[in-house]
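Participant: A predicted structure for the sequence below; I have some questions about it.
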Protein chains: 2
Amino acid sequence: MPPFPTVLISEVGPRDGLQSVKATMPTAAKLRWIDALYASGLREIEVCSFVPARLLPQMADAAAVVAHALTLPGLTVMALVPNLRGAEAAIAAGAHKLTVPVSASAAHSLANVRKTREQMVDEVRGIDALRRERAPQVQLEVGMSTAFGCTLQGLVPEDDVIRMAGELIAAGVDECGLSDTTGHANPAQVQRLFRRLRAEIGARAGAAHMHNTRGLGLANCLAAFEAGVRTFDASLGGLGGCPYAPGASGNVVTEDLVFMFEAMGVATGVNIDLLLAAREPLKAGLPGEPIYGMTPEAGVPKGFVQRASNV
Amino acid sequence: MPPFPTVLISEVGPRDGLQSVKATMPTAAKLRWIDALYASGLREIEVCSFVPARLLPQMADAAAVVAHALTLPGLTVMALVPNLRGAEAAIAAGAHKLTVPVSASAAHSLANVRKTREQMVDEVRGIDALRRERAPQVQLEVGMSTAFGCTLQGLVPEDDVIRMAGELIAAGVDECGLSDTTGHANPAQVQRLFRRLRAEIGARAGAAHMHNTRGLGLANCLAAFEAGVRTFDASLGGLGGCPYAPGASGNVVTEDLVFMFEAMGVATGVNIDLLLAAREPLKAGLPGEPIYGMTPEAGVPKGFVQRASNV
């Protein structure tokens, strides 16, 4: 086995997952779930989104969730902020890391945040100024959504993606990753675009955020890994972004992704048995909600050896 | 887009799929389904298995199915034969290509065919002698099962796999591929083992037969492609080898695999719309049987361009 580098699995379920389902998970249930995720060895969790409660009632308790997550030693507490107001609230709550969704697709940008792409780059510039003034230790990243295609406009020019990444770094963000918001990506495109991203912004190239809409989620993560990506977003139980049923999960399933890397000999820091156990508080907090994952159904194979983890 | 080579998708549903379900698809329904698979551009189909009807009643009409498949111009008609008697029947029926399952796992070999691995290599030698005598134009391949791990013995030594591949080529087979019968494989292992296989037997290295038991099916196919594999087994609707429910399909889903390659710019010769249409005769022939696939649920993404196909 060659000495592979380690990867960081960034769990997005408590934000991306919970804001995509109709039900609202009670705060106490969220905290139990986040505790279980942390207990499995996950060390970066996107715990909430700072958006108006009238738009997303599932995220109304964002500040309380951040406050609890901050008690978990060594955890990077991440929050999604769509604008300056959200960033103010997230910084006030004490989040370690802010992530801003910026669309590569002009059509998606208008539909999603009612701003042009250029306006969103300005918004990011304002967020950077705010954190430099109030909390310079806070990290700021962008996950560039619809970077691989868009349900509204179809193809998204790769030059747009790379140019915007450069503009966002110039606007002050520490890292810019690429998101396959709607499951358009294929492995050849993923390798090509992440290699171009690295050529453009170097070590500030960030996470791969892949969806499993057409079954290619893990193949796309593998392609990103081969292109040098070392941070991967995933959602426990594949919760989130699930426009098609049945079985058409949205986010890459954390359990399957961790199994893939650990089986390859790539350390994730996560204990897979404890990760599988973290499905229980998720199920308990969202009764009746379908959750996904093949490794949880099949179990790890005979002969599988868990590597050293964070726990 | 770099000029990728083309790949051959070898459809195994009518054999691997149908022998794994309880119901027996009526012969007329099988023929309609095979016609639809062919109409989509698939040019190699494993149409049946020549085994005693008392063991597998689903395959009792093997000779009739082969006879029909032979009427489809340009189709390679493949049949699974577990032993010399099966090979005699398949050759008599006119199959173009025989595939013999030989286990890399000592434990699985005894459990599956009640022969040691060495006895199976002898059986293959006998099958080769038979086809050279009766039908030298018939192709002979082995898909080495449990090559990546085994539910009975766990790890399977890679040296065993490579040594057996050499012995099988010496015994007369034209091609030896590797099968992940139980979904143990990971992409690093797939690349390593197929590269060793090619180093050992050169261009006689055959197909990748991957299962999606733990969600890694497509990632493993991608890894095999990167290691130079150009033939991939898959099953429409993921039918076959499905020990876990729900959603835990067995074989790699043909629809998702074809979408992945076509989206990458790798020509499969298959028209994806017609491939999706081939699910209808499958459903009609096996009412109530669950079938899988993410691309069929989501559809191809906006902006997807179908390349030239065989149809």
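Facilitator: Perfect, thanks for sending it. Numbers count the residues shown, from 1 in each chain, chains lettered A, B, ... in the order given.
Participant: mind checking how far A:Glu118 is from A:Met59?
Facilitator: As judged by C-beta to C-beta, to the nearest Å, A:Glu118 and A:Met59 stand 27 Å apart. Yep, even glycine has a C-beta here, placed from its N, CA and C like the rest.
Participant: ugh, wrong one, A:Arg192
Facilitator: Taking C-beta to C-beta, one finds A:Arg192 at 35 Å from A:Met59.
Participant: out of these two, which sits in the busier spot?
Facilitator: Remark: of A:Arg192 and A:Met59, A:Met59 carries more neighbours, 23 against 16, as counted by other C-beta atoms under 10 Å in any protein chain shown.
Participant: Name the nearest residue to the more buried one, ignoring sequence neighbours.
Facilitator: Nearest non-adjacent residue to A:Met59, counting by C-beta to C-beta, 6 or more residues apart in numbering or on different chains: A:Ser49, 4.7 Å away.
Participant: That neighbour bridge partners, please.
Facilitator: A:Ser49 has the following beta-bridge partners by DSSP bridges: A:Leu80.
Participant: isn't it right next to A:Ala79, touching?
Facilitator: Yes - applying C-beta atoms under 8 Å as the test, A:Ser49 and A:Ala79 come out as touching, 6.7 Å apart.
Participant: What segments of the stretch 201-311 of chain A are strands?
Facilitator: Remark: strands assigned in the stretch 201-311 of chain A by DSSP state E, counting those that start in this stretch are A:205-209, A:231-234.
Participant: Check whether the helix or strand of chain A with the lowest mean pLDDT comes close enough to chain B to count as a contact.
Facilitator: When the helices and strands of chain A are compared on mean pLDDT, DSSP states H and E, helix A:106-113 comes out lowest with a mean of 89. No - against chain B, helix A:106-113 shows no contacts by C-beta under 8 Å from any C-beta of the partner chain, the least distance being 10.7 Å.
Participant: So for that helix, what gets flagged as buried?
Facilitator: For helix A:106-113, burial by neighbour count (16 or more other C-beta atoms under 10 Å in any protein chain shown) applies to A:106, A:108-109, A:112-113.
Participant: Return the member of the residues you listed nearest to B:Leu70.
Facilitator: Closest approach between these and B:Leu70, by C-beta to C-beta: A:His108, at 50.8 Å.
Participant: quick revisit: give me the helices and strands touching the least confident helix or strand of chain A, please.
Facilitator: For helix A:106-113, the packing partners by 3 or more C-beta pairs under 8 Å, 6 or more residues apart in numbering or on different chains; DSSP states H and E come out as strand A:97-103, helix A:117-134.
Participant: Contacts for the first one next, please.
Facilitator: Read that as strand A:97-103. Strand A:97-103 has contacts (C-beta atoms under 8 Å, 6 or more residues apart in numbering or on different chains) with A:44, A:46, A:76-82, A:87, A:90-91, A:109, A:112-113, A:117, A:120-121, A:123-124, A:127, A:131, A:138-146, A:150, A:164, A:168, A:173, A:179.
Participant: Excluding sequence neighbours, find me the nearest residue to A:Arg125.
Facilitator: The shortest distance from A:Arg125 to any non-neighbouring residue, by C-beta to C-beta, 6+ apart, is to A:Ala171 (4.2 Å).
Participant: what's around the one you found, how many residues?
Facilitator: A:Ala171 has 22 neighbouring residues, counting by other C-beta under 10 Å.
Participant: For it, list the residues it contacts.
Facilitator: Listed by C-beta under 8 Å, 6+ apart, the contact set of A:Ala171 reads A:121-122, A:124-125, A:128.
Participant: per-residue pLDDT, the residue nearest the centre of chain A?
Facilitator: In chain A, the residue lying closest to the centroid (C-alpha atoms, centre = their mean) is A:Asp233, at 3.8 Å. A:Asp233 is assigned a pLDDT of 98 by the prediction.
Participant: my read: it touches A:Leu8, true?
Facilitator: No - judged on C-beta under 8 Å, A:Asp233 makes no contact with A:Leu8 at a distance of 9.9 Å.
Participant: that older thread, what's near enough to touch the residue nearest to the centre of chain A?
Facilitator: Counting by C-beta under 8 Å, 6+ apart, A:Asp233 touches A:10-12, A:16, A:46, A:143, A:177, A:179, A:207-210, A:251-252.
Participant: now A:Ile201, nearest residue through space, not along the chain?
Facilitator: Nearest in space to A:Ile201, with sequence neighbours left out and distances taken as C-beta to C-beta, 6+ apart, is A:Ile169 at 5.0 Å.
Participant: Lovely, talk soon.
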